[in-house]
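Q: coords please:
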Amino acid sequence: MAFNSEQARRVRAGALVAFAVLVVGVAAAVLSGAFGSSTAPSERPAAGEADAGARPAGDSDHDLDDIDATYEPLVHQLQAKLDADPGDPAALLGLANGYFDWGMAAMGHAVDDAGRAHVEEVFEAAVQRYDAYLEGNSSKPAVVDRAICLFYAGDHDAATEALEAFVESDASFAPAWANLGMFYESDGDSKRAADAYRRAIEAAGEDDAYGVRDYARQRLDALDQ
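A: Below you'll find the model as predicted:
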């Protein structure tokens, strides 16, 4: 699973996100700026983002075509908004987040190689938009969301390296540590995963603004079993 924060704020303000996704046999959670929802949380600015209210990600009655039919028009709307004002960073970030949400929603419905390849393409499209946004803007949640997208696009090494570089320069952002722990755990490195989860708990502090602490403790307990 992936723990991501931006959606969390947008969708359910700081709730813990539990994606029903199997990643290398590990149920993990991705955090991106704030813990997210049962679809894909992250801490992205609300401006320019697609409305997640109709998100069907957890509905078993929907298949991948239904997910695409829901998200593709939303992404087209976000692209049209960006085309109308290419210099609007909120519109660019909104488009990146739209692809992120689409990928997270589609992931649990990709049942064959073609479906999984399609999901990877959606996440790669998100990475491209995050790259464009981050060229001229600073956003911790966007950096973490980008790493999450890299991970689910299949580039685990690049995703891990991105968050390792992030926490080396800023160790205070709890979602980065939590996601890094998930990356390590899903790739079988339990020791480094546990270390990252402990750092996530430490960085979360007493207020635990992103809902990271409970998630990290749960993963630590699971690793101890």
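Q: what's the helix or strand for Glu168?
A: If you go by DSSP states H and E, Glu168 is part of helix 156-169.
Q: which of the residues in that helix are buried?
A: 156, 159-160, 162-164, 166-167 (16 or more other CB atoms under 10 Å). No exception for glycine: its C-beta is placed from N, CA and C like everyone else's.
Q: how about the residues you listed in a markdown table, adding distance to Trp102 and pLDDT?
A: Listed next are these as a markdown table, based on distance: CB to CB, whole Å; pLDDT from 0 to 100:
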| residue | distance to Trp102 | pLDDT |
| --- | --- | --- |
| His156 | 21 | 96 |
| Ala159 | 18 | 98 |
| Thr160 | 23 | 98 |
| Ala162 | 21 | 98 |
| Leu163 | 22 | 98 |
| Glu164 | 27 | 98 |
| Phe166 | 24 | 98 |
| Val167 | 27 | 98 |
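Q: Kindly export the longest helix belonging to the chain (C-alpha atoms) in CSV.
A: In the chain, assigned by DSSP state H, the helix with the most residues is helix 113-136. What follows is helix 113-136, C-alpha atoms only, in CSV (Å, rounded to 0.1, in the frame of the first residue of the first chain):
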residue,chain,number,x,y,z
ASP,A,113,-0.1,-7.4,-18.1
ALA,A,114,-1.9,-4.9,-20.3
GLY,A,115,-3.7,-3.4,-17.4
ARG,A,116,-0.5,-3.2,-15.3
ALA,A,117,1.3,-1.6,-18.2
HIS,A,118,-1.5,1.0,-18.5
VAL,A,119,-1.3,1.8,-14.8
GLU,A,120,2.5,2.3,-15.2
GLU,A,121,1.9,4.7,-18.1
VAL,A,122,-0.5,6.7,-15.9
PHE,A,123,2.1,7.0,-13.1
GLU,A,124,4.8,7.9,-15.6
ALA,A,125,2.5,10.7,-16.9
ALA,A,126,2.2,11.9,-13.3
VAL,A,127,6.0,11.9,-12.8
GLN,A,128,6.4,14.0,-15.9
ARG,A,129,4.0,16.6,-14.6
TYR,A,130,5.6,16.6,-11.1
ASP,A,131,9.0,17.1,-12.8
ALA,A,132,7.7,20.1,-14.7
TYR,A,133,6.1,21.5,-11.5
LEU,A,134,9.2,21.0,-9.4
GLU,A,135,11.4,22.7,-11.9
GLY,A,136,10.1,26.1,-10.7
